[in-house]
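Enquirer: coordinates for the following, if possible.
(2 chains)
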Amino acid sequence: MKSTIRLALVALATAVLAACGTGVKLDEPTQDAAPIESRDAAAQGAGALAGGADGRGIQQVEIERKDPLDDPASPLAKRSIYFDFDSFVVRDEFRPTVDAHARYLLSNPTRRVVIEGNTDERGSREYNLALGQKRAEAVRRAMSALGVPDSQMEAVSFGEERPRATGTDEASYAENRRADLVYP
Amino acid sequence: MRQLLLAAVVAFTLPIVTQAQMRLDVSGVGATQYPIAVADFASDGRAPQQIADVVRSDLARSGSFRVIDPGITLAESSTPDYAALRSSGADTVLAGSVSRLPDGRYDIRYHLSDVVRQGSLGGESLIVSESDLRYGGHRVADWVFERITGEKGIFSTRIAFVSKQGARYRLNVADWDGENIVSPLTSPEPIISPSWSPDGTRIAYVSFESRKPVVYVHTLATGQRRAVANFKGSNSAPAWSPDGRTLAVALTRDGLSQIYLIDADGSGSPRRLTSSPGIDTEPSFAPDGRSLFFTSDRGGSPQIYRMPLDGGPATRVTFGSSYNVSPRVSPDGRLLAYVTRNEGRFLVVVRDLASGQETILSETGNEESPSFSPNSRWVMFATQTGGHDSLVAVTIDGRVRQRLTSAAGDIREPTWGPFPQ
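Expert: Okay, here's the model as predicted:
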C-alpha cells in the first residue's frame, strides 16, 4: 500500500474515532482511501437480512446454559456401574464415573440422583432385591465419601425384576449385575 | 383359532380384560387311595353347573381318591343300589340334588353312604348364589374329603400369584384349581412377594410402580390399597403375623436390608427386629406367633435362621449347602419349606422340624417361592421350564404333583390363601 494511503487511513481512523467521541459528522479527508462502510458490522452479523430494505436489522443469538448431564461427550453420560459376580465393590475402572457424578451433584445442590441396583436372575427374588440394594448402596457410599449429602441421593433396588439382558448365559448375567444412576 | 376369536370378542365386550384359562395337570397318586362313586346330582334342570363334576375333579386331583363315575343320577334322599356300586369297586357313594330357590339362589343337598356296610355316613346342605355354584361344589368336596380322610380339604381355597404378559404385570386371584381368575391389580411395573392375610380379606405385596419397591396392603373386596412401607431405599418381603395385625418386612432405610415390624394398617413407626452386618430378609412367622424364621447372610452365605420374637438371639437352622433361602413355616407349625441351591440347581425342600427329615419336592432345579396350603399337606411353588414360568403344587410326601400353566404368559410368586372363614 502506498504510504500516502496508509497515512490517509490512519488519519481517517483518527477522524472516525474523534467523530464518534464528539458526535460531529464524519468528513472524509481523502477521496482515494478505501471507503469504510459504517454498515459493515450489520452486514457481518446478519446473513438473514441480506435482502432487508436497508440491511440494518440485527438477529439475536442466545446461547442456553447446557446441562452437562445432556452432553454425550461428558463422563456424566456414563450411568451404569458393573459388578463382578458375588461382589459389591466398585471397581477402579468405574471410579471416574462415580467421581464425575459426585462432582456434578456437589455443583448442583438442587439435583437428586436415584441409584438403582440390579442383579442377575439366579436365586430368590427377595434375596436378589437385597443384593441389588447392596450394589446401589456401595455406589451411594462411594459418592457420600466424596462429600455428596444424603439428601441428594437415594439407593433403591430392582433386584432381578428389570433385567437389561434376558438371556441365561454369563454375558447376560454380567450385564444385569449393575447399578444405574438415574436423575428423575 | 376359535379360542382366539372368542378371546377377541370377549375383550371388546367386557370392561375387564379376561385372561386365558389356566390349565391344571395332575400326576402321581397318594399313598392311600379311597375309591368313591360320585353320582350326578338330581336337579330341576335349571342349575348351570353340575355340582358332581366339580366334586369328581377335586377328589381325583387330590390324589387321595379313585373317583368312579357310576353314570347315574342319584338324589340324596334315594337309596343307592349298593350291589351295583360294590361291583364297581366303590367303598362309598355320594348322592345329592340341586334346586333353584324362589329368590334365585340354589339349595345344594348331599349325602354320603358306606357301600360296604350299606349305611349313612352323613350329609348336609348349603345355599349358594348362582355365581357361587362352583364354590358350592368345592364345599361339598371339602366335606367329603374331611369325612373320609379326617383332614380338612383345600378345594374351597384360593391362590394368589403374579403373572407377566409382555410389559404388563398382574396380581391374580384364582380358585385353587385355576378357575375364576380375577386380577385385583394390573401394573406396567413389577409386582413381587404377594402374601395373603390370615383372614383372607387382604393381600400384601411389593409394587415397583414408583420406580422403587414399596409394600402395599390391598383390600380385595373394595380394591382399596395402602402403601404401608415406603421408606427411603427398598421396602419388601411382607409377612403377616398370625393375628393379621402386624407385618414383618425387609427395609433398607438404615443401609442394608434388615427386618422390621410394622402395623398392617401402616400406622405407627417400624420396630427394628434384626441387627446384623449382613442382609436379613424373607421373614416368616411361626404359626404360634412366638418366633420368626428368616434368611440372613450374616455368616457369610445366605442361610435360614430362627429368632424368638420376645428377644433373644437368632439360631441358624440350615447347613450343608452354601445357599438356603425363602423359609415358610406350615400352618400346623410342623414343617419348614425352603429353597436350597445344590450344584447350581435351586430346589424346594420340606423339613420336618421335629425329626429333621427332609424331602426334596422339586423337579427342574429352577424353583422358588414355596407356599403351604392351609391344611399343611401341599406346597405350591414357582418353576421354570422351557423358558416359561408356571406353578406346581406337590404333596409334602412328594407323591402327587399338580401343575398350573397359563397360556397368557408367565405365572409366578404363588401364595396360598386361608380356609374360607
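Enquirer: now do the contacts for A:Gly123.
Expert: A:Gly123 makes contacts with B:323, B:325, B:341, B:346, B:368, as judged by Cβ atoms under 8 Å, 6 or more residues apart in numbering or on different chains. All C-beta atoms are positioned from the backbone trio N, CA, C, and that covers glycine.
Enquirer: residues contacting the residue most central in space within chain A?
Expert: In chain A, the centroid-proximal residue (Cα atoms, centre = their mean) is A:Pro68; its distance is 2.5 Å. Residues counted as contacts of A:Pro68 (Cβ under 8 Å, 6+ apart) are A:74, A:76, A:104.
Enquirer: thinking again about what came up before, neighbour-wise, which one of the contacts of A:Gly123 leads?
Expert: Among the contacts of A:Gly123, the one with the most neighbours (other Cβ atoms under 10 Å in any protein chain shown) is B:Val325, at 27 neighbours.
Enquirer: let's see the pLDDT reported for the closest residue to that residue other than its chain neighbours.
Expert: Of all residues beyond its chain neighbours, the one nearest B:Val325 is A:Ser124 (4.2 Å), with distances taken as Cβ to Cβ, 6 or more residues apart in numbering or on different chains. For A:Ser124, the pLDDT comes out at 96.
Enquirer: and for the one 10 residues further on?
Expert: Taken from the predicted model, the pLDDT recorded for A:Lys134 is 97.
Enquirer: need the helix or strand of chain A with the lowest average pLDDT.
Expert: Scoring the helices and strands of chain A by mean pLDDT, DSSP states H and E places helix A:40-45 at the bottom, with a mean of 44.
Enquirer: and chain A, which residues reach chain B?
Expert: Contacts of chain A with chain B, taken as Cβ under 8 Å from any Cβ of the partner chain, map to A:114, A:116, A:122-127, A:129-134, A:137, A:154-159, A:161-162, A:182, A:184.
Enquirer: which stretches of chain A form helices?
Expert: For chain A, the helices defined by DSSP state H occupy A:3-22, A:40-45, A:95-107, A:125-145, A:170-176.
Enquirer: compare the mean pLDDT across the ones you listed and name the weakest.
Expert: Here the helices of chain A differ in mean pLDDT, and the lowest is helix A:40-45 at a mean of 44.
Enquirer: correct me, but B:Gly244 touches B:Pro198?
Expert: Yes - counting by Cβ atoms under 8 Å, B:Pro198 is a contact partner of B:Gly244 at 4.5 Å.
Enquirer: ok, the two, which is more surrounded?
Expert: More crowded of B:Gly244 and B:Pro198, by other Cβ under 10 Å: B:Pro198, with 19 against 15.
Enquirer: could you chop the chain up by domain?
Expert: In the absence of a named chain, chain A is used. As assigned by automatic domain parsing, chain A contains the domains A:3-51, A:68-182.
Enquirer: let's do chain B instead
Expert: Split by automatic domain parsing, chain B gives B:32-149, B:159-416.
Enquirer: ends of the last one, how far apart?
Expert: Its start and end residues considered, domain B:159-416 measures 5 Å (Cα to Cα, to the nearest Å).
Enquirer: spatially nearest residue to B:Ala90 (excluding sequence neighbours)?
Expert: Leaving out its chain neighbours, the residue that sits closest to B:Ala90 by Cβ to Cβ, 6+ apart is B:Ala37, at 3.7 Å.
Enquirer: for the helix or strand hosting that neighbour, which helices and strands make contact with it?
Expert: Per DSSP states H and E, B:Ala37 falls inside strand B:34-38. Counting contacts by 3 or more Cβ pairs under 8 Å, 6 or more residues apart in numbering or on different chains; DSSP states H and E, strand B:34-38 is packed against helix B:51-61, strand B:65-68, strand B:92-100, helix B:133-149.
Enquirer: now do 7 Å
Expert: If contacts are counted by 3 or more Cβ pairs under 7 Å, 6 or more residues apart in numbering or on different chains; DSSP states H and E, strand B:34-38 sits against helix B:51-61, strand B:65-68, strand B:92-100.
Enquirer: between the ones you listed, which one is closest to B:Arg253.
Expert: helix B:51-61 (44.6 Å; Cβ to Cβ).
Enquirer: in that closest one, what's buried?
Expert: Going by neighbour count (16 or more other Cβ atoms under 10 Å in any protein chain shown), the buried part of helix B:51-61 is B:51-52, B:54-61.
Enquirer: repeat that for stretch B:334-348.
Expert: Those would be B:335-341, B:346-348, for stretch B:334-348 by 16+ other Cβ under 10 Å.
Enquirer: in strands, which of these appear?
Expert: Residues from the buried residues of stretch B:334-348 lying in strands, with DSSP state E as the criterion: B:335-341, B:346-348.
Enquirer: keep only those that also lie close to chain A.
Expert: Among those, the ones lying near chain A by Cβ under 7 Å from any Cβ of the partner chain are B:339, B:346.
Enquirer: just to revisit the earlier point, just put the helices and strands packed on strand B:34-38 in a markdown table and tack on mean pLDDT and distance to chain A.
Expert: Formatted as a markdown table, the helices and strands packed on strand B:34-38 follow (pLDDT from 0 to 100; distance: least, Cβ to the nearest Cβ, whole Å):
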| stretch | mean pLDDT | distance to chain A |
| --- | --- | --- |
| helix B:51-61 | 95 | 28 |
| strand B:65-68 | 96 | 35 |
| strand B:92-100 | 95 | 42 |
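Enquirer: which of those sits closest to B:Tyr216?
Expert: B:Tyr216 lies closest, by Cβ to Cβ, to one member of those: helix B:51-61, at 32.3 Å.
Enquirer: quick one: work out the angle between the closest one and helix B:133-149.
Expert: Here helix B:51-61 points in a direction 50 degrees away from that of helix B:133-149 (axes from the mean of the first three to the mean of the last three Cα atoms, to 10 degrees).
Enquirer: other SSEs contacting helix B:51-61?
Expert: With contacts taken as 3+ Cβ pairs under 7 Å, 6+ apart, helix B:51-61 sits against strand B:34-38, strand B:65-68, strand B:92-100, helix B:133-149.
Enquirer: the inter-axis angle of that helix versus strand B:34-38?
Expert: Angle of helix B:51-61 versus strand B:34-38, following the same axes, to 10 degrees, is 170 degrees.
Enquirer: how much space between the closest residue to B:Thr219 other than its chain neighbours and chain A?
Expert: Nearest non-adjacent residue to B:Thr219, counting by Cβ to Cβ, 6+ apart: B:Arg202, 5.3 Å away. B:Arg202 sits 20 Å away from chain A, going by Cβ to the nearest Cβ, to the nearest Å.
Enquirer: residues in contact with the residue lying closest to B:Ile154 once chain neighbours are set aside?
Expert: Residue nearest to B:Ile154 in three dimensions, not counting chain neighbours: B:Ser373, with 4.7 Å by Cβ to Cβ, 6+ apart. Shown in contact with B:Ser373 (Cβ atoms under 7 Å, 6 or more residues apart in numbering or on different chains): B:154, B:157, B:416.
Enquirer: low-scoring stretches of the stretch 301-421 of chain B, by residue?
Expert: Scanning the stretch 301-421 of chain B for pLDDT under 70 picks out no residues.
Enquirer: interface residues of it facing chain A?
Expert: So far as Cβ under 7 Å from any Cβ goes, the stretch 301-421 of chain B lies against chain A at B:302, B:323, B:325-326, B:339, B:346, B:368.
Enquirer: again, 8 Å this time
Expert: B:302, B:323, B:325-326, B:339, B:341, B:346, B:368-369, B:413.
Enquirer: then the stretch 1-150 of chain B?
Expert: Within the stretch 1-150 of chain B, not a single residue sits near chain A (Cβ under 8 Å from any Cβ).
Enquirer: neighbours around B:Ser129, how many?
Expert: So B:Ser129, with other Cβ under 10 Å, has 12 neighbours.
Enquirer: spatially nearest residue to it, not counting backbone neighbours?
Expert: B:Arg105 (5.3 Å).
Enquirer: which residues does the residue of the stretch 301-421 of chain B found nearest chain A bridge with?
Expert: Proximity to chain A, evaluated over the stretch 301-421 of chain B using Cβ to the nearest Cβ, is greatest for B:Val325 at 4.2 Å. Here B:Val325 sits in beta bridges with B:Val339, going by DSSP bridges.
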